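In: Let's see this in three dimensions:
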Amino acid sequence: MFIGKGNEIARRAFLQRTGQLAMMGTASSYALGLAGLSEAAAFSNAGGYKALVCVFLYGGNDHANTLIPFDATNYARYQTIRGTAGSEAANGIALARASLANTVLMPPSGQTLTDDITYAIAPTMPRLKALYDQGVMAPLLNVGPLLAPLTRAQYDAGVVPRPAKLFSHNDQQSTWQSSQPEGSRTGWGGRIGDLALTSNTNSMFTAINATGNAVFLSGQNAIPYQVSPSGATLFAPVQAGQVFGSATAAQTLSSLLRTGTGNVLAADYARFNDRSLQFGTFVNSALAGVTLNTSFGTGNRLADQLRVVARMIAARGSLGVTRQVFLVSLGGFDNHDGLIGTHDALLGQVDFAMDAFYKATVELGVAGNVTTFTASDFGRTLSSNGDGSDHGWGAHHFIVGGNVQGGRFYGRAPRVSLTSDDQVGQGRLLPAVSVDEFSATLATWFGVSSTELPLIAPNIARFASPNLGFMRAPATQAARKGGMI
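Out: Below you'll find the predicted structure:
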């Protein structure tokens, strides 16, 4: 457990020691012992390995063609607003109802959604449909950044603060990942990593970035370790000790790569280079001992990233970790035009990759220890702009894992409307669930105590509950297939 509120000295000691450990992790041997840190041993009673994997969909995923109204009444509303793809209507971006018949997500007995809506998942996502039916995938409806609960009347009157720079790609990517617009220095994945550092013998492998640069994994002390689909990136000539046949040149290049300046970006670049040079061979040696039978296919960039995440998890013993946070991503979701076809194909890649990754966690015996979830810049307008949709706010997302209470919906389903009070114009959803509540629920499952949740989700105190209920309580986790180890 984390240090409780009643022991502020111990909590401060923990924060101080995390800083010391993180600084050691960038410049010392990878074998970092935990002697003397017992008073600040985060997650020490939480049991076993756990990982969070964020799948970020860059560009703003069109949620209305990801979870589609299927019942006759709500589908008719959806079709009237979006038109039928391939029709003469100017706004023809609705999927045909017949194409959805095999991917309907039936809510469990006793769960009734807004206006008795029934959803189908996109027809190119049959694997996530199967995971929903297995009870290991849950949709979270209408989630997005909020500073506090907000009604349409309050939004119109401007009497309750709202996130800054809504509908902007860069700012809302940052707000989703960090709770602040562009320019934030830490993300909530990195802040979870800060609290997990002392749980790992090798703290530099706490936050693992398998995609491009993003604020999500940056903490006050946690520094994301970058990997490629093939493993750690090596500076081969430097690590071989020869550049153009010269050992001196290799040493000089190594020094240049590791030397920062007063510039923040240059200092960060040097720090990342130093970590890569020091630990790249070690990481790849650990990965070399991993064999996965699960197929991740070829030609799917997201699947390639999730394959290396699975391999890193398989090598967790060699890497010396019990808590990890990962980031992977897929771009191309800014579909102002060409939505039909382009978007379907992207969702098919997400479907294949997330399913393969879940199967890999089952193969590794850690399905109950790993939780994967989607995120995106924002949702999109329900209305069509002619051939696509425009920037929105709230959206629907998915959570997958052996300890997800799947097979049911969470959050609140929005009405299929351009005029209802749960949207702010053109069908841009006013979020019913905040990213703070989403992150707090995941962090609680990960092992963060209630007293530390404000470090992860800074606005959480303004919301009724820090737990949305889509994760199983710790007492029931071990009983799940692929449970705690």
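In: quick one: the strands in the protein?
Out: For the chain, applying DSSP state E gives strands covering 50-57, 67-69, 104-105, 119-121, 137-144, 207-209, 225-228, 231-232, 323-330, 370-376, 395-401, 410-411, 433-434.
In: tell me what the first one is packed against?
Out: In other words, strand 50-57. Contact partners of strand 50-57 among helices and strands, from 3 or more CB pairs under 8 Å, 6 or more residues apart in numbering; DSSP states H and E: helix 169-178, helix 188-196, helix 301-314, strand 323-330, helix 339-364, strand 370-376, helix 435-446. In short, each C-beta sits where N, CA and C put it, glycine included.
In: What of the fifth one?
Out: Packing partners of strand 137-144 (3+ CB pairs under 8 Å, 6+ apart): helix 126-134, strand 395-401, strand 410-411, strand 433-434, helix 435-446.
In: The third one packs against which elements?
Out: Right, strand 410-411. Strand 410-411 is packed against strand 137-144, with contacts defined by 3+ CB pairs under 8 Å, 6+ apart.
In: deepest of the helices and strands packed on strand 50-57, which one?
Out: Counting by mean count of other CB atoms under 10 Å, helix 188-196 has the highest mean neighbour count of the helices and strands packed on strand 50-57, with a mean of 28.
In: can you give me how far that helix is from the chain middle?
Out: Mean C-alpha position of helix 188-196 versus that of the full chain (CA atoms, centre = their mean, to the nearest Å) differs by 13 Å.
In: Quick check: which helices or strands does that helix pack against?
Out: Counting contacts by 3+ CB pairs under 8 Å, 6+ apart, helix 188-196 is packed against helix 8-25, strand 50-57, helix 169-178, strand 207-209, strand 323-330, helix 435-446, helix 453-456.
In: List just the one of the ones you listed that sits closest to R316.
Out: Closest to R316 of the helices and strands packed on helix 188-196, according to CB to CB: strand 323-330, at 7.3 Å.
In: Quick one: work out the angle between that closest one and helix 301-314.
Out: For strand 323-330 against helix 301-314, the angle by axes from the mean of the first three to the mean of the last three CA atoms, to 10 degrees is 170 degrees.
In: Run through the neighbouring helices and strands of strand 323-330.
Out: Packing partners of strand 323-330 (3+ CB pairs under 8 Å, 6+ apart): strand 50-57, helix 188-196, strand 207-209, helix 301-314, helix 339-364.
In: pLDDT wise, what is N273 at?
Out: We have a pLDDT of 55 for N273.
In: closest one to N61 among the helices and strands packed on strand 137-144?
Out: strand 395-401 (6.3 Å).
In: Lowest mean pLDDT across the strands of the chain, which one is that?
Out: The weakest mean pLDDT among the strands of the chain belongs to strand 231-232, with a mean of 90.
In: Note down every partner strand of that one and its orientation.
Out: If you go by DSSP bridges, strand 231-232 pairs up with strand 225-228 (antiparallel).
In: Same question for the strand it pairs with: list its buried residues.
Out: Neighbour-count burial for strand 225-228, counted by 16 or more other CB atoms under 10 Å, picks out 225-227.
In: F470 is in contact with L140, correct?
Out: Yes - the pair L140 / F470 is scored as a contact, 6.6 Å apart, by CB atoms under 8 Å.
In: Next, show the common contact partners of the two.
Out: Listed as contacting both L140 and F470 by CB atoms under 8 Å, 6 or more residues apart in numbering are 399, 410.
In: still on that earlier bit, so for S449, which of the helices and strands packed on strand 323-330 sits nearest?
Out: Nearest of the helices and strands packed on strand 323-330 (CB to CB): helix 188-196, 9.1 Å.
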